[in-house]
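A.B. asks: Any chance you could fold what I've pasted below:
(2 chains)
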Amino acid sequence: MTDLPRMQHIIASGLVAAVGIAVAYISYTQEPADAFLFPRLISTVFLVLALWTFGKAVLGRTKVGNGLSRVAIINILPGLIVALIYIFWAAKALGFYTASTITFFILLSLYDPAPHGEARTWIKRALITAGFLAVMYGLFAQLLTVFTPKEILF
Amino acid sequence: MGDVFTPINFGLLLIGTIGGLILGATPGLSPTMAVALLIPFTFRLEPAQGLILLGAAYTSTVAGGAVSAILLKIPGAPANIATTLDGHTMAQKGQGARALQLSFLASAVGGVFGVLLLIFLTPVLAQWALAFGPSHLFWLAILGVTIIGSLDSSSVVKGLLSGCIGLWLATIGFDDIMGAQRFIFHDAVAGGINVIPALIGLFAIPQVITMFAKGRKRLDAEVIAVEKHPIGQAVGEVFRRKRALSIGTITGSIIGLIPGVGGQIAGLVAYDQTKKTSPEREKFGTGHSEGVIAAESANNAMVGPSLVPLLTLSIPGSPTAAVLLGGLLIHGIFPGSDLFDNYPDVAWTFINSMLIGQILMCIFGLYVAGLAARVAQVPNAVMAAVVLGLALFGSYSVQNSMGDVYVMMALGTGMYFLERFGFSAAPLVLGLILGPIAEANFIQGSMIANATSSMGEYFFSGTLNLVLIGIVVASIGYSLWMELRDKRYTTKDDAVLKEESLS
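C.D. replies: Okay, here's the model as predicted:
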């Protein structure tokens, strides 16, 4: 358990180092070379710093950052999944306002500390959702005239 | 000054000020995030109008953060941390209204002084900046990233690495000279990474996920009821506490001028200096008005000067200034040495509006503080869902593109996880914004160097180049030294603790 943050640091800095290696590789191999002049400069510094950070993580000398606790991951996961579905699928497939209504209500139900066994709290959640959507519609559709994707309902 | 008082401009100033106070009082909504979320609402506005809205929000979110700091002991923004020390204790003693009045009055004095500094310094520095060539501008851009990277992060190497990631992200898309594709792994980034969705994602999404991480936790803090307190007495007290007010104002202004050193440092340094020089230092932390005055005058005095490097050299001095730069860029305005020649009306209307905004912030702050404190109790679940919705709609509205929304979410989610491991969003954003400036001047400089001298001679000679390189090296060196010193103390403390536990 005590090794968990260290392991997390290794994974995180390892991923950053992998990106650094990929960026440096592309910068030094792609053509035309002139277009990659600045990326080469950046990627060299990027790679050196990333490898330094990775080395420190491997040696267990990374002191900053708290990592992620088990509780935090469990708390984050449902909300993050809902948010990702909302943004990468539902917003386009169901329409912005429909998807926003569903997502808002789900997130509110997931994280609202009010009891789930009372009808009163569900009515409150529904009213907050409706109020939020009305404000969003007023701001974006009416005030800014943003034409958002429409699929189911609106 | 007259342009500020046209009905639309003044109306926007009012909306920005009142909205900013409420947003600032809401824990979890930082000034940077609030301004980033407001940018999409400026698309339909004239450049000066958009900037008035953003500037007013910036000013009043910093001051609004004092409301929750005093009444809930939850700083609305990092800049208000020092305010909690005495402000909340005053509120607990039944002096909440007095603390709020002192905080808004001190904020206004500090803020007005800071904006006056902005007014007098900016044109002078803008003239001076006309002498800057491509090599100087390249080093300035690098300086902006390295200063924020080294000062804003808990680890210098991770801060600089964040800056590098930002600089790399800025190179994604087609290059300006050859038109070649670079690092395009997905259609969403074919045209490069748009700064506004990136800003929204980098500042809003980590906050949303942080709210998720708290789970179904009820906000324990209770709003302390505020008593009636005559404003006249508070005005008299602010000006009687001259030392605290002047230390806060001057410290905040100087710190604001240094890129990368934000309101949090300004508030804490001013608080510390006022305490050290006060004959009543034992009263600090027990609800002493000097503590509130010093901290709040400092964090608002920082606002104006933090925009000086942005308006003169196009180097944002703080993350919020970086967001304001994004606001300028989407209106086709590139700040820098010729801003006052090409867009004097926009520049001066914006600066003057900040001056009026400070006064409005004080007036409204005194009256809406109680309401703002209630807004601060909005549950995490509602706030997370609202911010997520605003981020989605706001990013989409930039170019009516789902690609921008994907970029916003991907960068935001990635940033949350990076932040958990000591990486920081501010240098990454600075890298993203300053990357094109650095690259354009690097390419231009290398062309000049090829025609006239060598790259080494062009970029590494001349007084100004050497001064800028010196500052880059000094800022990194200083931060490394500070980090090593802190580590040594921590190690010593650990050793002492270990010995104590063994004995």
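
A.B. asks: which residues of the chain score low on pLDDT?
C.D. replies: Just going to use chain A. Low-confidence segments of chain A (pLDDT under 70): A:1-4, A:152-154.

A.B. asks: wait, chain B
C.D. replies: Judged by pLDDT under 70, the stretches of chain B that qualify are B:1-2, B:28, B:151-153, B:218-225, B:260-263, B:337, B:370, B:372-373, B:375-376, B:486-503.

A.B. asks: Now do the strands in it.
C.D. replies: Taking DSSP state E as the test, the strands found in chain B are B:173-174, B:181-182.

A.B. asks: can these go into a markdown table with extra columns for mean neighbour count and distance to residue B:377?
C.D. replies: (Glycine included, C-beta is placed from N, CA and C.) Shown next, in a markdown table, are the strands of chain B (neighbours: other CB atoms under 10 Å in any protein chain shown; distance: least, CB to CB, whole Å):
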| stretch | mean neighbour count | distance to residue B:377 |
| --- | --- | --- |
| strand B:173-174 | 16 | 43 |
| strand B:181-182 | 16 | 47 |
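
A.B. asks: closest one to residue A:45 among the ones you listed?
C.D. replies: strand B:181-182 (17.0 Å; CB to CB).

A.B. asks: Any residue of the closest one touching chain A?
C.D. replies: Yes. Shown here: strand B:181-182 in contact with chain A (CB under 8 Å from any CB of the partner chain) through residue B:182.

A.B. asks: Run the chain-centre distance for that strand.
C.D. replies: Relative to its chain's centre, strand B:181-182 lies at 32 Å (CA atoms, centre = their mean, to the nearest Å).

A.B. asks: List the buried residues of the longest helix anywhere in chain A.
C.D. replies: Identified as the longest helix of chain A according to DSSP state H is helix A:4-29. In terms of neighbour count (16 or more other CB atoms under 10 Å in any protein chain shown), helix A:4-29 has its buried residues at A:5-6, A:8-10, A:12-13, A:15-17, A:19-20, A:23-24, A:26-27.

A.B. asks: Mind checking what helix or strand follows that helix in sequence?
C.D. replies: As assigned by DSSP states H and E, the chain's next helix or strand after helix A:4-29 is helix A:37-58.

A.B. asks: quick one: that following helix near chain B?
C.D. replies: Yes. Interface with chain B: helix A:37-58 contributes A:37-39, A:41-43, A:45-46, A:49-50, A:52-53, A:56 (CB under 8 Å from any CB).

A.B. asks: Give me the angle between that helix and helix A:4-29.
C.D. replies: 160 degrees (axes from the mean of the first three to the mean of the last three CA atoms, to 10 degrees).

A.B. asks: got the residues of the stretch 151-300 of chain B near chain A?
C.D. replies: With CB under 8 Å from any CB as the criterion, the stretch 151-300 of chain B meets chain A at residues B:153-155, B:157-158, B:160-161, B:164-165, B:167-168, B:171, B:175, B:177-178, B:180, B:182-183, B:208-209, B:211-218.

A.B. asks: Tell me the buried residues within those residues.
C.D. replies: Buried among these by 16+ other CB under 10 Å: B:153, B:155, B:157-158, B:160-161, B:164-165, B:167-168, B:171, B:175, B:177, B:182-183, B:208-209, B:211-215.

A.B. asks: circling back to that earlier point, adding distance to residue B:274 as columns, could you present the strands of chain B in JSON lines?
C.D. replies: Below are the strands of chain B laid out as JSON lines (distance: least, CB to CB, whole Å):
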{"stretch": "strand B:173-174", "distance to residue B:274": "49"}
{"stretch": "strand B:181-182", "distance to residue B:274": "51"}
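
A.B. asks: Looking at those strands, spot the one closest to residue B:234.
C.D. replies: strand B:173-174 (53.2 Å).

A.B. asks: Pull up the pairing partners for the closest one, direction included.
C.D. replies: Strand B:173-174 has the following sheet partners, assigned by DSSP bridges: strand B:181-182 (antiparallel).

A.B. asks: what does the partner strand rub up against?
C.D. replies: A:30, A:35-36, A:39, B:171-175, B:190 (CB atoms under 8 Å, 6 or more residues apart in numbering or on different chains).

A.B. asks: What of stretch B:100-109?
C.D. replies: By CB under 8 Å, 6+ apart, stretch B:100-109 touches B:62-63, B:66-67, B:70-71, B:83, B:87, B:226, B:229, B:231, B:234-235, B:237-238, B:244-245, B:248-249, B:289, B:292-294, B:296-297, B:299-300, B:358-359, B:361-362, B:365-366, B:369.
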